[in-house]
Every structure is written in C-alpha cells, then in structure tokens.
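**Q** Here's my sequence, what's the structure:
(one chain, ligands or ions: 2)
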Amino acid sequence: MTSNQNSFHIQTFGCQMNERDSETLAGMLSEMGYVATTDKKAASVAIINTCSVRENADLRFFGTLGQLKKIKEVRPDFVVCICGCMMQQQHIIDTVKSKYPWVDLIFGTHNIHAFPGLLQNVRDERIKQVAILENGGEIVEGLPAKREHKHKAFVNIMYGCDNFCTYCIVPFTRGRERSRKPEEILKEVRNLVADGVKEITLLGQNVNSYHGIADPVPSQTTDDDTNREVDFADLIHLLDEVEGLERIRFMTSHPKDLSEKLIEAYSSCGKLHPYIHLPVQSGSDRILARMNRKYTAKYYLDLVNRLKATVPNLCITTDIIVGFPGETEEDFEETLNLCHQVQFDSAFTFIYSIRKGTPAENYGDQVPEEVKHARFNRLVEVINHYAAEKNHACVGRVVSVLVDGSSKTDETMLTGRTEEFKLVDFPDGGQKAGDIVNVEITQGKTFSLRGIESR
Ligand code: 5AD
Ligand code: SF4
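**A** Ligands and ions are numbered 1, 2, ... in the order given. Next comes the predicted model:
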C-alpha cells in the first residue's frame, strides 16, 4: 500500500461544536499543505474527533480506533491523532495509553490551536505526544477553517458550560463558559457572507447566556464594561443588520435563560425565522430538580406559550432523556403529558446513559435497562405522532427552501430546509445548493416534507 504523503482524513463524532472544531483542524491541515481524502487507508494523517455525551459514542470511538490499528500495522508511518471531548477525561487517556499505545497524538478541546505544532513534532521527531489542558483559557481567534458547506455555516459564539446538569459530561470536557467578542463574531459572519453563506447557525452549549463585551468606542470616555455588554438578543440584532445574510439560527438554548428580549427579537429581526430548539429533558418537576435544570414543567410550558403567542407558525424541537435515575412511571407520564401539551415538531430522544464523573453517576436508584427501553419506545411513538401531524398540516403551503443539494436517497430529488428548519425534498429542476426557492408542499411525512417548486 502506498500512502499519499500529504493527505488527511477526519472522522467526527457528536455535536455541531465538534463538527465546527473539525473544520478548524481541516483548515490548519490545508494551510500545512495537506489535502483531504475520504479514504482513510490512503491518508497520511487520520484524526478522530470524539464525543463523550453518551456511552454509545465512547463505544463507537473505540471501534473506529481498532480499525485504524489495522492500517498502522501495514503502514507504520500512518499518523493517528485523537482529540475532542473524550480526551478531556483522565480515565479515557489512561485506557488509550494502556490498550492503544500505538496512537501518535492525543490532544483535547482546549488546545486545538496547538495542533499544527504538535503534529509537526510527531512527524519530525517520531515521538508520541499527549497534550491536554485542564481548562480553556483565552479564546484563540483567527484560526483557519475549511468549511463543510459554501451556503451555510456554523459560527461559535461561546465555549463551555456552567450549568452542571447532573447527567451531563459537557461542563467537564468543555470547561467554563467563555463568550467571543461581538466584533469577532460579526467579522467572521461578514466574511462568510462575502464567500456566499446565506445561513448561519450560532453555536454554544447555552447561547442564551452569551455575554460579550464590545470593544471601547474611542470617542466615549467610559471604560466601564457594563456599558459595552452585549447579550444574546443584542447579538441577534447586530447580526440581523448584516447585508446579504438571509437566515440566523442558534443552538442550544437553556429554557431558564431564555429572555423576553430574545422572544421580542423574533418579531423585530427579519432573519430570525420561526424555529427554536429548546431542550426540556423531562416533564416531571421532581426529575427536573434532580437534573439541576432549574425550571419546572409549568415554567417551560409558559415559556412555550409566550413564544407561540409572539411567533406565528413557530416550529419547536427539543431533547428528552428517559430513564434518568429515580424516574418513576408517574414521572415518565408527566413527560408524555408535557409532550401532548407542547406538540413538538420533532425531538431528539435519549436513553439516560451513566457518565463517569457526573453527579448522577452516583445516584443509587438507576432505572433498569428494560424499563428505560420500554419508556423510550412509548415516548418515540408520541413524538412521531405529533411530528407527522405537524408535517401533514404543512400540505398546501408554499414555503421558502434553502437548497442543500441532491437528496441522499433519490438523485432525481433535491433537498433543503424551510425557514422553520423542516427538511423538504422536491424534484431537481436544476437549482443549486445555496439557492432559495419557493416550494409548494404536497406531502407531510413523519421526518420530512415533499413538494414541488412553485414558480
Ligand atoms: N444520557 C443521555 N442523554 C444525555 N444528554 C446529555 N447527557 C446525557 C446522558 N448522560 C442529552 C441531553 C442533551 C443532549 C445533547 O444529549 O438531552 O440535551
Ligand atoms: Fe450539559 Fe446542561 Fe450544559 Fe447542556 S446546559 S451542555 S445539558 S450541563
């Protein structure tokens, strides 16, 4: 087997935050003269960007790492790098060191900027490297990025999380909350738009607690930070002014921090469309308290009602965990009840997964696996019922669709997203990724819509 000296392959697990980090890694590698390849067997450098949010992500990572070992056995110069959330956990590092000693480079979520130097060391000196920082310091701006799409882009607005939901590993792997400066975000968005981007998705573990400090204005004498504080709604207003940008999305929102000002922004900012992803996690107050979510089911329902009252045709999606420790049949029924009341457009549903180092790991009353699975199936049935109902209700409407490209399952069809972020397939009439077209909806299915272009 021959290897292309300067090619790389990145495999990304997990959330949009990781996808965005992988774009940075790809940008750095491109600047170093490497080219991307989809064939990891032929790559000179392979990177696995890991996720640790649930156990199955861990298991998939170790499976993938096993595959790389086979390549390394044939081609010892093949460089294997692993990074991302799993690497911020000492027990994972220990496992990798003892069971996978052939891995060349391990780095974490806080030192992506150091990657080019670390890689160069590995290649020049032929030594293995482990470089993990415990916590994130200053945000490093100006890193290159090789973007996945030309017409839509993820934009980080903040890093880390301070919420410590008791099931969640993220505050331990991504560190404390840090917000980017509004000027840096605006600069990035303006550059993206100049390159053809129509839609941006603002990323943060809890965008509602974004707290940026704008640069001082030279003509103003005060250097008091409070005069220059930019909250999340302010940031949306600033971005709404960016000429050429069509759509602003964001994720994820913590219900406890969603402000009236943000609800108002849906009315006053034309680029903020009627869509919100608002994780509820549970419909039981007892479980919400044990999860440390800091709101009640009633608070969540009131919030949804206020949003629905302000934003016509609002599409709401959520995250729900079933089988959190101590969840009784009554608690679970309260979750179902909340779903009946909200009628989500869709939901990501998860079976609770124990995460080492989180408070809930030590809760004694873990729910048996078979109970968790049975509840999961009942929940999915309710979620799918409303998803199909909501999609059926779209039939006959003409919607504006941002084209993503050819459908993966049928090459005669194009696929794209409505302003409400619903997936639509429609016959390919020659439109390109990034075009915005009007589509009349002819069919509503559980997970997507079908339509025809409306001229
Ligand atoms: N088990 C199951 N689901 C989890 N999530 C986070 N941690 C866990 C866990 N330990 C889910 C939450 C979160 C989403 C990204 O992942 O619902 O909103
Ligand atoms: Fe995890 Fe909660 Fe932070 Fe979301 S808000 S990343 S669920 S700790």
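**Q** Flag every buried residue along stretch 241-249.
**A** Buried positions in stretch 241-249, judged by neighbour count with 16 or more other CB atoms under 10 Å: 242, 245, 246, 247, 248, 249. All C-beta spots, glycine's among them, are computed from the backbone N, C-alpha and C.
**Q** May I see the residues you listed arranged in a markdown table, with secondary structure and distance to residue 346 as well?
**A** Written out in a markdown table, the entries for the buried residues of stretch 241-249 read as follows (DSSP: H, G, I helix; E, B strand; the rest coil; distance: CB to CB, whole Å):
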| residue | secondary structure | distance to residue 346 |
| --- | --- | --- |
| 242 | coil | 29 |
| 245 | coil | 26 |
| 246 | coil | 23 |
| 247 | strand | 19 |
| 248 | strand | 20 |
| 249 | strand | 15 |
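**Q** any chance of these in JSON lines, plus pLDDT and distance to residue 351?
**A** JSON lines is the format used below for the buried residues of stretch 241-249 (pLDDT from 0 to 100; distance: CB to CB, whole Å):
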{"residue": "242", "pLDDT": "98", "distance to residue 351": "40"}
{"residue": "245", "pLDDT": "98", "distance to residue 351": "38"}
{"residue": "246", "pLDDT": "97", "distance to residue 351": "37"}
{"residue": "247", "pLDDT": "98", "distance to residue 351": "33"}
{"residue": "248", "pLDDT": "98", "distance to residue 351": "33"}
{"residue": "249", "pLDDT": "98", "distance to residue 351": "27"}
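**Q** any idea which of those is closest to residue 369?
**A** The shortest approach to residue 369 among the buried residues of stretch 241-249 belongs to residue 249, at 35.4 Å (CB to CB).
**Q** ok, the nearest residue to the closest one once chain neighbours are set aside - how many residues close by?
**A** In space, not counting the residues next to it along the chain, residue 249 is nearest to residue 201; the distance is 4.3 Å by CB to CB, 6 or more residues apart in numbering. Other residues within reach of residue 201 by the criterion other CB atoms under 10 Å amount to 16.
**Q** For residue 354, grab the count of nearby residues.
**A** Residues near residue 354, counting by other CB under 10 Å, number 14.
**Q** show me the contacts for it.
**A** For residue 354, the set of contacting residues under the criterion of CB atoms under 8 Å, 6 or more residues apart in numbering consists of 55, 360, 361, 366.
**Q** rewinding a little: is it possible to export the buried residues of stretch 241-249 to JSON lines including distance to residue 256?
**A** Putting the buried residues of stretch 241-249 into JSON lines (distance: CB to CB, whole Å) gives the following:
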{"residue": "242", "distance to residue 256": "29"}
{"residue": "245", "distance to residue 256": "29"}
{"residue": "246", "distance to residue 256": "30"}
{"residue": "247", "distance to residue 256": "26"}
{"residue": "248", "distance to residue 256": "22"}
{"residue": "249", "distance to residue 256": "21"}
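**Q** out of those residues, who's nearest residue 273?
**A** Ranked by distance to residue 273 (CB to CB), these are led by residue 247 at 6.0 Å.
**Q** Which positions in the stretch 151-300 of the chain make contact with ligand 2?
**A** Listed as neighbours of ligand 2 in the stretch 151-300 of the chain under the rule CB under 6 Å from any ligand atom: 161, 163, 164, 165, 168, 170, 171, 205, 206, 254.
**Q** so of those residues, which ones are in helices?
**A** When DSSP state H defines the helices, the subset of these inside them is 170, 171.
**Q** Report the buried members of the residues of the stretch 151-300 of the chain next to ligand 2.
**A** 161, 163, 165, 168, 170, 171, 205, 206, 254.
**Q** What's the separation between the fifth one and residue 383?
**A** Distance, residue 170 to residue 383, by CB to CB, to the nearest Å: 23 Å.
**Q** What of the last one?
**A** Shown here: residue 254 relative to residue 383, a distance of 21 Å by CB to CB.
**Q** cool, and the fourth one?
**A** Look at residue 168 and residue 383: by CB to CB, they are 21 Å apart.
**Q** What residues sit buried inside the least confident helix or strand in the chain by mean pLDDT?
**A** Scoring the helices and strands of the chain by mean pLDDT, DSSP states H and E places strand 129-131 at the bottom, with a mean of 89. By neighbour count, with 16+ other CB under 10 Å as the criterion, the buried positions of strand 129-131 are 129, 131.
**Q** So what touches it?
**A** With contact meaning CB under 8 Å, 6+ apart, strand 129-131 is reached by 93, 97, 104, 105, 106, 107, 108, 111, 114, 118, 121, 122.
**Q** In TSV: the residues you listed, plus distance to residue 41, secondary structure and pLDDT.
**A** Supplementary listing: those in TSV, determined by distance: CB to CB, whole Å; DSSP: H, G, I helix; E, B strand; the rest coil; pLDDT from 0 to 100:
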residue	distance to residue 41	secondary structure	pLDDT
93	27	helix	95
97	25	helix	94
104	17	coil	97
105	19	strand	97
106	22	strand	97
107	23	strand	96
108	27	coil	94
111	28	coil	93
114	28	helix	95
118	23	helix	96
121	25	helix	93
122	20	helix	94
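**Q** Go through these and say which is closest to ligand 2.
**A** Comparing the contacts of strand 129-131 against ligand 2 with CB to the nearest ligand atom picks out residue 108 as the nearest, at 16.7 Å.
**Q** The closest one contacts residue 89, correct?
**A** No - contact criterion CB atoms under 8 Å: residue 108 and residue 89 do not qualify, at 9.4 Å.
**Q** Please enumerate residues in contact with stretch 414-429?
**A** Stretch 414-429 is touched from outside by 247, 249, 273-275, 313-315, 317, 345, 391, 394, 399-408, 410-413, 431, 437, 439, 441, 447-453, with contacts defined as CB under 8 Å, 6+ apart.
**Q** Within reach of ligand 1, which of the residues of the stretch 151-300 of the chain next to ligand 2 are there?
**A** Checked against ligand 1 using CB under 6 Å from any ligand atom, these yield the following neighbours: residue 168.
**Q** Now, the residues of the stretch 151-300 of the chain next to ligand 2 that are in strands?
**A** Residues from those lying in strands, with DSSP state E as the criterion: none.
**Q** Can you lay out the residues of the stretch 151-300 of the chain next to ligand 2 as a markdown table showing pLDDT?
**A** Supplementary listing: these in a markdown table, determined by pLDDT from 0 to 100:
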| residue | pLDDT |
| --- | --- |
| 161 | 96 |
| 163 | 97 |
| 164 | 97 |
| 165 | 98 |
| 168 | 98 |
| 170 | 96 |
| 171 | 96 |
| 205 | 95 |
| 206 | 95 |
| 254 | 97 |
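**Q** between the residues of the stretch 151-300 of the chain next to ligand 2, which is nearest ligand 1?
**A** Each of those was checked against ligand 1 using CB to the nearest ligand atom; the closest is residue 168, at 4.5 Å.
**Q** The closest one: what's it in contact with?
**A** 53, 161, 355, 358.
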